[in-house]
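Trainee: Attaching a predicted model along with its sequence, questions to come.
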Amino acid sequence: MYDNLGRSRGTDFFRIGDQLTDEERDYWNRARHFVEDEVLPVINDHWERADFPRDLVRRLGELGLVGDGIEGYGCPPMSPIATGLIHLELHRGDGSLGTFLGVQAGLAMQSIAMLGSEEQKQRWLPRMARVEALGAFALTEPTHGSDSVALETTARREGDTWVIDGTKKWIGNGTVADVVVVWARDVGDGQVKGFLVSRDDPGYDARRIDGKGSLRSVWQAEITLTGVRVAESDRLPGAESFKDTARVLAGTRNAVAWGALGHATAAYDIAVGYCSERTQFGKPLVSFQIVQDKLVKMLAEVCSMQLYCLRLGRLIEDGQLTDTIAALAKMNNTRKAREVIAIARDLLGGNGILLDFHVMRHMADMEALHTYEGTETIQTLIVGRDITGVGAFV
């Protein structure tokens, strides 16, 4: 009983699949089969033990699911919608795995692809696409999250070497990454620049953040950089100010919108499956009108989130994505996903808090998505500034 909870039951009521290319369907199916055959059977154990699922992470590279649409350098060719579909499916399986991909491909690899030198791209991107090398993106600091533009980590140039000092927090993969994209303020001109740092560099100290109630199977770190020396050849030449950092960040909101859809889809699938099998008062829960009402409203939200994501992908393809559009999609989908998951939790009653039924894991992981890559408040203010012409950040 309940053996198939979390498996896809079909939510494409607006026939979005008909608008996909064969390549996009292939990525979707590849990611879905991976989640159902390899992730769901083991992920609860990883999550409960806060264990980084190295074997599953390696499989992402073997299956050709890592690349985020980067062209060449060993990255699998994929459209923005194919990229989104992969994020949807991974988050439908587990938020930690989806977050790993967001850090590896959407942040670390994209930083190198967008802002790196040809040598840096050749050195890192093929290995990272195969997940033979892990990446991290070190921007957030203990006292600078939403206002990361005010980061205090410094970089001082000495000849052909840069000396970096500062502290970073909530850095995904920070304790395991082979290359860490560190953002620091050049004391010479005051501008934010990017550097490729190794976790083995003297002065680099990463401590895993424990005690998390969300995204337990991906490791975040607090990093102290004390006189870390980086060669000029390891500076990202295309990163000359925080505007360049923001270019990388803008693309990740697309992935978060798709990821939130994945969590909501999982919650809906679980609720339908559970209510179809669970009998109370002599009949299945799906026989009760109030249960059907809740399931239909969950589905309606999932379908609206799908339409957001499809349109988002098309706008990216056409080069028309703006900060406002990305912020609106991220804000809407993370908020709606929380609501859908909460209904699923309610429908499962006491079983809803057990990991065996997956919903509580999705509920906990969704809390992190709601916050990272810009909180709902920050996304709201981005959109508000656009529609009113008034910045209300301070």
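Mentor: Received, thanks.
Trainee: chain center to stretch 277-296, what's the gap?
Mentor: Computed by C-alpha atoms, centre = their mean, to the nearest Å, the separation of stretch 277-296 from the middle of its chain amounts to 34 Å.
Trainee: Domain-wise, how is the protein divided?
Mentor: 16-129, 135-241, 243-388 (automatic domain parsing).
Trainee: Could you save those as a markdown table and add columns showing mean neighbour count, mean pLDDT and distance to residue 10?
Mentor: No exception for glycine: its C-beta is placed from N, CA and C like everyone else's. A markdown table is the format used below for those (neighbours: other C-beta atoms under 10 Å; pLDDT from 0 to 100; distance: least, C-beta to C-beta, whole Å):
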| stretch | mean neighbour count | mean pLDDT | distance to residue 10 |
| --- | --- | --- | --- |
| domain 16-129 | 21 | 97 | 10 |
| domain 135-241 | 19 | 97 | 27 |
| domain 243-388 | 20 | 95 | 9 |
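Trainee: Make a markdown table out of these and add distance to residue 394.
Mentor: Listed next are the domains of the chain as a markdown table, based on distance: least, C-beta to C-beta, whole Å:
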| stretch | distance to residue 394 |
| --- | --- |
| domain 16-129 | 26 |
| domain 135-241 | 9 |
| domain 243-388 | 10 |
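Trainee: Which among the ones you listed is found nearest to residue 9?
Mentor: domain 243-388 (4.8 Å; C-beta to C-beta).
Trainee: Can you measure across the closest one, start residue to end residue?
Mentor: 22 Å (C-alpha to C-alpha, to the nearest Å).
Trainee: Wait, a helix at residue 181?
Mentor: No: assessed with DSSP: H, G, I helix; E, B strand; the rest coil, residue 181 is strand; it does not lie in a helix.
Trainee: And for it, nearest residue in space, chain neighbours not counted?
Mentor: Spatially, and ignoring its direct neighbours in sequence, residue 181 is nearest to residue 111 (4.5 Å; C-beta to C-beta, 6 or more residues apart in numbering).
Trainee: other SSEs contacting the strand or helix carrying that neighbour?
Mentor: For residue 111, the enclosing helix or strand under DSSP states H and E is helix 110-115. On a contact count with 3 or more C-beta pairs under 8 Å, 6 or more residues apart in numbering; DSSP states H and E, helix 110-115 meets helix 118-129, strand 192-197, helix 242-277.
Trainee: what does that helix contact?
Mentor: Helix 110-115 is contacted from outside by 68, 70, 73, 120-121, 124-125, 128, 135, 137, 181, 194, 196, 236-239, 244, 247-248, 251, using C-beta atoms under 8 Å, 6 or more residues apart in numbering.
Trainee: for it, the distance to its chain's centre please.
Mentor: So, by C-alpha atoms, centre = their mean, the centroid of helix 110-115 is 17 Å from its chain's centroid.
Trainee: Stretch 40-60 now?
Mentor: The answer for stretch 40-60 is 16 Å, by C-alpha atoms, centre = their mean.
Trainee: Give me the contacts around it.
Mentor: Residues outside stretch 40-60 that contact it (C-beta under 8 Å, 6+ apart) are 6-7, 34, 38-39, 66, 93-94, 96-97, 100-101, 131, 134, 176, 210, 212, 216-219, 355-356, 358, 361.
Trainee: Now do the contacts for residue 37.
Mentor: Contacts of residue 37 by C-beta under 8 Å, 6+ apart: none found.
Trainee: That one and residue 59: what is the separation?
Mentor: Note on residue 37: its distance to residue 59, by C-beta to C-beta, to the nearest Å, is 10 Å.
Trainee: Check residue 33 too.
Mentor: Separation of residue 33 from residue 59 (C-beta to C-beta): 11 Å.
Trainee: Just the strands from this protein, written as ranges.
Mentor: Along the chain, the segments classed as strands by DSSP state E run 135-138, 154-158, 161-172, 179-186, 192-197, 204-208, 220-231, 279-280, 283-284.
Trainee: report the angle between the axes of the fifth one and helix 242-277?
Mentor: An angle of 70 degrees separates the directions of strand 192-197 and helix 242-277 when computed by axes from the mean of the first three to the mean of the last three C-alpha atoms, to 10 degrees.
Trainee: before we move on, the earlier item: could you export the strands of the chain to TSV, including columns for distance to residue 392?
Mentor: Output for those, formatted as TSV (distance: least, C-beta to C-beta, whole Å):
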stretch	distance to residue 392
strand 135-138	28
strand 154-158	30
strand 161-172	25
strand 179-186	26
strand 192-197	24
strand 204-208	36
strand 220-231	30
strand 279-280	48
strand 283-284	49
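Trainee: residue contacts, the spatially closest residue to residue 21 that is not a sequence neighbour?
Mentor: Using C-beta to C-beta, 6+ apart and skipping residues adjacent in sequence, the residue nearest residue 21 is residue 79, 7.2 Å away. Going by C-beta under 8 Å, 6+ apart, residue 79 touches 21, 23-24, 69, 313, 317.
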